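K.L.:
sequence and predicted structure below; questions after.
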Amino acid sequence: MEQQPILTVNKLNIDVSTPHGVTQVVRDVSFKIEAGKVFGFVGESGSGKTMTCMSLLNLLPGEAKVVKGSIKFRNKDILNCSAKDMRKARGSEIAMIMQNPMTAFNPVRTIGRHFIETLKTHLPITKQQARTMAIAYLEKADLPNPENLLKQYPFQLSGGMLQRVMIAITMSLNPSILIADEPTTALDATNQLQILQQLNWLRKEYDTGILLVSHDLGVIAQLADEVAVMYGGYIVEKAPVFKLFNRPMHPYTRVLLESRLGLTRRKIKSVQRVSVSSPNLINKENTCPFFERCEDADHTCVNDNLELKECEKDHLVRCVKSG
Amino acid sequence: MGWFIVKRLTSLIPILFGISLITFILLHLTPGDPAVAYLRASHIPPADETVAALRVELGLDKPLYVQYVEWLGKVVQLDLGMSYVSKKSVWDEIMLHFFPTVQLTLASCILIVVVSLPIGIMSAIYKGKLIDQFSRIIAFVSVSMPAFWFGFLLIYFLSVKLDLFPVLGRGTFAHLVLPSLTLSFAYIGTYMRLLRASVLENLNEPFVMYARARGLRERLIVSRHLLKKSLLPLVTGLGMSLGNMLSGAVIVETVFAWPGMGQLFVTSILTRDYPMIQGCLLFMGVIFVVCNLLVDLAYSFLDPRIRWEGEK
Amino acid sequence: MLKNVKRQLLSHKLMMISSMIVFFMTLLALLAPFFAPNDPNLVDITHKLQGPSSKFPLGTDHLGRDILSRLIYGTRTSLGTAFLVMGLTMMISIPLGIYAGFRGGWGDYLFMRICDILMAFPSFLLSLALIGILGPGLVNLILAMVLVQWVFYARVIRGMVLSVKEQNFVLAAKVCGTSRLVIVIKHILPAIISQVAVLVFMDIGGVVLAISGLSFLGLGIQPPGAEWGMMINDSKQFFRNAPSLMLYPGMMILIVVVAFNLFGEALRDALDLRRE
């Protein structure tokens, strides 16, 4: 059953200007998010995941700029819509939950103020109505004693609770897209599971499309329907989650999967094979970003076109050797 | 909150004790005999028997610790002795000069906040733009400018040449303008930059990003989120400066012949009026400490984290 | 990117200019008799309050003394006093700060309590009071400033030592059984000395301001010596008719303090001590 995607990103390119030159942090990134589906982004830090997320909200930092490509939300062109429209869409249409819940809230303002100001920004309601609503949604997010919670300051709560508060704020405005940037990274294992369950419930209950960003393959495997592996600003492989895990095609994906510490004692040879140097992103046109670290690299990898090719149905790989 | 205040108040006791000790010892560092100094200040030739009689009268013949205890006992009753020069009660003189200083300080504080707050915030938001460059230059000049010179420049150009304000003294509201402008100028530069740095630091905090991601209006983010958090260092600094200014803007008061604490202090130094020096120093020390206490309270009011720590 | 380069060049240029001013002023102070066209203290009432002439390039003051020569000699007083104050302060603060930070214990406790009490007074006023007790004069001014300042610097240096003390190279030296004195001289001192230098140069402008302020109040150098703050004080009765008398010394103070502040800031950036 083909569905109309809510969010379509097409050939997105983002440059960041630094004192040392222009860095190409996101290259030729395309993906779609459908209602009620979870799209996963995996990759190491610096692979361009967070920049992609920020561009979806049109909230790139000053030194970063979208140089090519388009982002379409329903029928709206995100990159070219007015600042006012964009502001209104944030939170209510496209919501985000932050990486580190402990720093995402203003330490000198209570949870209640955070919640109520968000509701009042997007809905024509009174403060009292907003309060009642906040309490209802905090309850839905399994938070105990919500009335008391509203009076508390962020530093009085645990990371897991704050993360659930963020989810509650998100739910209350019923956005069609939720961007979750490393939502579980700062949490311990039990809290991680609860948050993932809540995200899962959110997409089933509200049909929210979720963009889940993580460097943790376990998190992705739990929740995502489709996965994109990012490396050096490129999507190097994109496939439905089971295909990717069962038959990884890009050398980097294979390294990533192998480097996971399994429960069995396997040799760690495969990890040692990968040199530690990070990819050089400055002024590299059309060379495979993984070239320097790749086991299978040879002369055919240089100067070839780097298209994302469909190797089997819905399974796309950006490697000269695949297919 | 209540506990926090009690705790802070008890921590004041050793400091106040230290202040009184230092003030007392300072006077006894005086080269020469205080009794001789007293006679000189009163234009009486210091003959041996007059000095001896005066030593008994002033209690200078007793051991030092007895003198200290007796002095402290009087200080607690607000008896700071009598001026060698004017022969009036030191406490009364201080009270007479304290109000003009309070007036000057408050006017300067208002100026500082009114000027440095908007410019500081704007130069952070428009970092590197014209207003930022402008505030940088102002800040640099203001911390490098000798206050007495700046005061004279203001007098020369605005009072003498343009005849906009009265030159010296205290009286009408117009008298207040130039002294408070001079006094606040040095602080304005500092706080403008302090506020800018504070806002810049907070602008990069994730909570600002999250506020934007929730779709809050930019004006709301600045006024509700950035302002309150960025004000914290300003409050600390301003409180310290408040203590400094209240305990006598010595130079500014001298330049403008403003009859405040600073002038009283300088006059007493120049006339070697030791009880007055001692009384002023003690009074200023206490004012300074009390101001710091108020800052701490204000800080804990603004920053719930401190309040919470205090209650634990 | 271009902006960045421009900023770097600009700060470079500022550094060049400020170091040149600092250098020139130091030279002026050292070689004052060589630069000054006239005797700065020669009173000649017949020439009082004159405008610029070939003999007196900037005119004369109310006692007929050459303003330019007094300005040049004033450099000597202001800079000399400022450096002396800072030097003496450091001679007290560095050993004490290192002792308190490195040894800790009751010595450190006592030191911190003294800090608490001395810093309970506004520092400028405590200096004033000390001068009031000791009597006005240049020596007493220096003494009063050092006695008040050392606390602040010793406490900052103590803090620097505390953070260096916990670093691995010091711990390693300790583990190796290096003696305390050797650790202090070979490891701690070199690690903090550049920070201390920056601190000194960032603050020396403020010291110049404080000295001229105290002189302005008539508590510093006594007549007939030349000092900028005192020159302004001398000229305040005449400033309606002869504003330039007041203008020049103030400009000198402003230039010197701005130069030192810029120099201190440039030095800090050069040593990259700012954490941004």
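P.N.:
That came through fine.

K.L.:
show me which residues of the stretch 151-300 of chain B sit near chain C.
P.N.:
Contacts of the stretch 151-300 of chain B with chain C, taken as C-beta under 8 Å from any C-beta of the partner chain, map to B:152-153, B:155-156, B:160, B:243-244, B:247-248, B:250-251, B:254, B:265-266, B:268-270, B:272, B:274, B:277, B:280-281, B:284-285, B:288-289, B:292. Using the backbone N, CA and C atoms, a C-beta is placed for each residue, glycine as well.

K.L.:
from the residues you listed, which ones fall inside helices?
P.N.:
B:152-153, B:243-244, B:250-251, B:254, B:265-266, B:268-270, B:274, B:277, B:280-281, B:284-285, B:288-289, B:292 (DSSP state H).

K.L.:
could you flag which of those residues are buried?
P.N.:
B:152-153, B:243-244, B:250-251, B:254, B:265-266, B:268-269, B:274, B:277, B:280-281, B:284-285, B:288-289, B:292 (16 or more other C-beta atoms under 10 Å in any protein chain shown).

K.L.:
get me the contact residues on the stretch 1-150 of chain C for chain B.
P.N.:
Counting by C-beta under 8 Å from any C-beta, the stretch 1-150 of chain C sits next to chain B at C:3, C:113, C:116-118, C:120-122, C:124-126, C:128-136.

K.L.:
please repeat the previous calculation with a cut-off of 10 Å.
P.N.:
For the stretch 1-150 of chain C, the residues in contact with chain B (C-beta under 10 Å from any C-beta of the partner chain) are C:3, C:7, C:113-114, C:116-126, C:128-136, C:140.

K.L.:
try the stretch 151-276 of chain C
P.N.:
Counting by C-beta under 10 Å from any C-beta, the residues of the stretch 151-276 of chain C near chain B are C:205-206, C:208-210, C:212-219, C:228-229, C:232-233, C:235-236, C:239-240, C:243, C:246-247, C:249-262, C:265, C:276.

K.L.:
where does chain A have low pLDDT?
P.N.:
A:1-3, A:260-287, A:300, A:302-305, A:322-323 (pLDDT under 70).

K.L.:
what ranges do the helices span in it?
P.N.:
Using DSSP H, helices in chain A cover A:49-56, A:83-89, A:101-104, A:111-122, A:127-140, A:146-150, A:159-173, A:189-206, A:217-223, A:241-246, A:251-258, A:269-272.

K.L.:
okay, buried residues for the fifth one please.
P.N.:
This means helix A:127-140. A:130-131, A:133-135, A:137-138, A:140.

K.L.:
also the second one?
P.N.:
Applying a neighbour-count criterion of 16+ other C-beta under 10 Å, the buried positions in helix A:83-89 are A:86-89.

K.L.:
so which of those are also by chain C?
P.N.:
Near chain C, by the rule C-beta under 10 Å from any C-beta, you find none of those.

K.L.:
which one of those residues is nearest B:Ala197?
P.N.:
A:Arg87 (27.3 Å; C-beta to C-beta).

K.L.:
quick check on the nearest residue to that closest one once chain neighbours are set aside: phi, psi?
P.N.:
Leaving aside its sequence neighbours, A:Arg87 sits nearest to B:Gly215 (C-beta to C-beta, 6 or more residues apart in numbering or on different chains; 5.4 Å). Dihedral pair for B:Gly215: phi 80, psi 20, per degrees, to the nearest 10.

K.L.:
what about B:Gly215, how many neighbours?
P.N.:
23 (other C-beta atoms under 10 Å in any protein chain shown).

K.L.:
repeat that for A:Val229.
P.N.:
Neighbour tally, A:Val229, other C-beta under 10 Å: 27.

K.L.:
check contacts around the residue in the stretch 151-276 of chain C positioned nearest to chain B.
P.N.:
Closest approach between the stretch 151-276 of chain C and chain B, counting by C-beta to the nearest C-beta: C:Gly250, at 3.4 Å. Residues in contact with C:Gly250 (C-beta atoms under 10 Å, 6 or more residues apart in numbering or on different chains) are B:145-146, B:148-150, B:152-153, C:212, C:228-229, C:231-232, C:235.

K.L.:
of these, buried ones?
P.N.:
The buried subset of the contacts of C:Gly250 - by 16+ other C-beta under 10 Å - is B:145-146, B:148-150, B:152-153, C:212, C:228-229, C:231-232, C:235.

K.L.:
let me see the contact set for B:Leu270.
P.N.:
C:132, C:136, C:217-219.

K.L.:
out of these, the closest to C:Leu58 would be?
P.N.:
For the contacts of B:Leu270, the nearest to C:Leu58 is C:Gly218 (23.3 Å; C-beta to C-beta).

K.L.:
give me the phi and psi for that closest one.
P.N.:
Torsion angles, degrees, to the nearest 10, at C:Gly218: phi 80, psi 20.

K.L.:
circling back: of the contacts of B:Leu270 - the most surrounded one?
P.N.:
Busiest of those [other C-beta under 10 Å] is C:Gly132, holding 30 neighbours.
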